[in-house]
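Engineer: everything below, folded, please.
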Amino acid sequence: EIVESARRLDASLVEYLVTERQLLAWVVTPAGAVHALKVDVTRERLAALTRSVRTALATAGQAGFRRSPALGSALRELDRLLVAPLAAWLPSSPAASLVVIPHGPLALVPFAALEDDSGRPLVERYTLSFAPAASVYQHTGDKLRAGTAGKRRALIVADPVPPPESGVERLPWAREEGRRVAERLRGTSVRILSGPDASEAAVKREAGGYSLLHFATHGLIAPDRPLASSLLLGAGGGDDGYLRADEVFDLDLSAELVVLSGCSTGLGQLTGDGIIGLTRAFIYAGTPSVVVSQWDVSDRATALLMDRFYAALQQGEPKGAALRAAQLATRRGFAHPALWAAFMLVGEPR
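Structural biologist: A predicted model of the protein is given here:
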């Protein structure tokens, strides 16, 4: 199954299994070769390194986005444990696709930001995408082949008015982000829902008719109840303004790509085969590729990243390559990984 996926995707797949005392890793090449490796590192150590990185990223704004030595040290150690031992089997070209299937605490690792001993982040070395489990590619491949026929249509949902009881403020740059995305999609039929029009009821009513969905809004994460994780939209029309993961599962989508440009939209409950939450909900609702964030993101840096992402897509770049180009471009203006490394592509890389 995983060998067939590697061939179809023309990608190298890396699958990890974290045990109490060892890390097991498999690399499957596009040609179908399978390599296996054991690394002597405990689950506790991997979890501690991941917590260290996530804490540094979450508090980066409080330090004025100055990089701490501890962050660099943890990113390099994770690279030495997770990437360096496999390097001989990984692609030699940065343009080649590398799919990462994490396990356990590795689901929270910001792989794009991992650094080798010379300080190069992983996103500079490979074109990355992710999957919660190898079996996902059986599902997404079918969805990709069944994609929307005819003219491309995009629905952009930006800067909704949050439900009053949510206590959440509107994102200052979300409307500007939506405008920039629409400008980049020239030649595509674009509909923008913003302000009071960006309601949950409107999204449920209209989302099924578009080949691309872009949400510039907050994501609210419920770690203990992953199916209650939600995108924050406007209330009305019989809906409360919280588009929950369990409601997304029930949507019938034909989009080839969904972009969740909000706070921590990629998170959910940590399980044996990855994160249950909004990401998986959109995939099983019919979307082969989902772009999500792993932590609370700066909306100003995100507006730049999304502008570059869609510019690359319009130039014909595959989804994974477009996200890589956008992250590298954003990194040039916002050097701290908290500002450019949050987003990941889950599902089909092309």
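
Engineer: let me know the pLDDT of Gly274.
Structural biologist: According to the prediction, Gly274 has pLDDT 44.

Engineer: packing partners for the helix or strand encompassing Ala303?
Structural biologist: According to DSSP states H and E, Ala303 maps onto helix 299-314. Applying 3 or more C-beta pairs under 8 Å, 6 or more residues apart in numbering; DSSP states H and E, one finds that helix 299-314 contacts helix 174-184, helix 319-333, helix 337-340. All C-beta atoms are positioned from the backbone trio N, CA, C, and that covers glycine.

Engineer: doesn't Trp340 make contact with Gln294?
Structural biologist: No. Taking contacts as C-beta atoms under 8 Å, Gln294 lies outside contact range of Trp340: 11.9 Å.

Engineer: more neighbours: which of those two?
Structural biologist: Higher neighbour count among Gln294 and Trp340: Trp340, with 27 against 24, using other C-beta atoms under 10 Å.

Engineer: my guess is the more buried one contacts Ala301. True?
Structural biologist: Yes. The pair formed by Trp340 and Ala301 meets the contact definition of C-beta under 8 Å, at 6.6 Å.

Engineer: can you check which residues contact both of those two?
Structural biologist: Residues touching both Trp340 and Ala301 (C-beta atoms under 8 Å, 6 or more residues apart in numbering) are 330, 334.

Engineer: list the contacts for Gly102?
Structural biologist: That one is not Gly; residue 102 is Pro. 16, 109, 111, 130, 274.

Engineer: pLDDT check: weakest of these?
Structural biologist: The member of the contacts of Pro102 with the lowest pLDDT is Gly274, at 44.

Engineer: residues touching Ala342, list them.
Structural biologist: Ala342 makes contact with 57, 110, 293-295, 297, 302 under the criterion C-beta under 8 Å, 6+ apart.

Engineer: which pLDDT does the model give it?
Structural biologist: Looking at Ala342, its pLDDT is 93.

Engineer: what stretches of the stretch 201-350 of the chain score poorly on pLDDT?
Structural biologist: Along the stretch 201-350 of the chain, segments meeting pLDDT under 70 span 263-276.

Engineer: would you map the strands across it?
Structural biologist: Ranges of strands in the stretch 201-350 of the chain, per DSSP state E, counting those that start in this stretch, are 212-216, 219-220, 230-232, 242-244, 257-260, 268-271, 274-277, 289-293, 343-347.

Engineer: which one of these lies closest to Leu323?
Structural biologist: strand 343-347 (5.1 Å; C-beta to C-beta).

Engineer: the closest one vs helix 299-314, what angle?
Structural biologist: With axes from the mean of the first three to the mean of the last three C-alpha atoms, to 10 degrees as the basis, strand 343-347 and helix 299-314 are set at 40 degrees to each other.

Engineer: got the domain ranges for this protein?
Structural biologist: Domain assignment for the chain by automatic domain parsing gives 2-130, 147-307.

Engineer: against Arg67, how distant is the nearest residue to Ala11 once chain neighbours are set aside?
Structural biologist: Excluding the flanking residues, the one nearest Ala11 by C-beta to C-beta, 6 or more residues apart in numbering is Ser97, at 3.7 Å. Per C-beta to C-beta, to the nearest Å, Ser97 is found 29 Å from Arg67.

Engineer: just to revisit the earlier point, including mean neighbour count, could the strands of the stretch 201-350 of the chain go into a markdown table?
Structural biologist: Below are the strands of the stretch 201-350 of the chain laid out as a markdown table (neighbours: other C-beta atoms under 10 Å):
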| stretch | mean neighbour count |
| --- | --- |
| strand 212-216 | 27 |
| strand 219-220 | 22 |
| strand 230-232 | 25 |
| strand 242-244 | 22 |
| strand 257-260 | 26 |
| strand 268-271 | 18 |
| strand 274-277 | 23 |
| strand 289-293 | 26 |
| strand 343-347 | 26 |
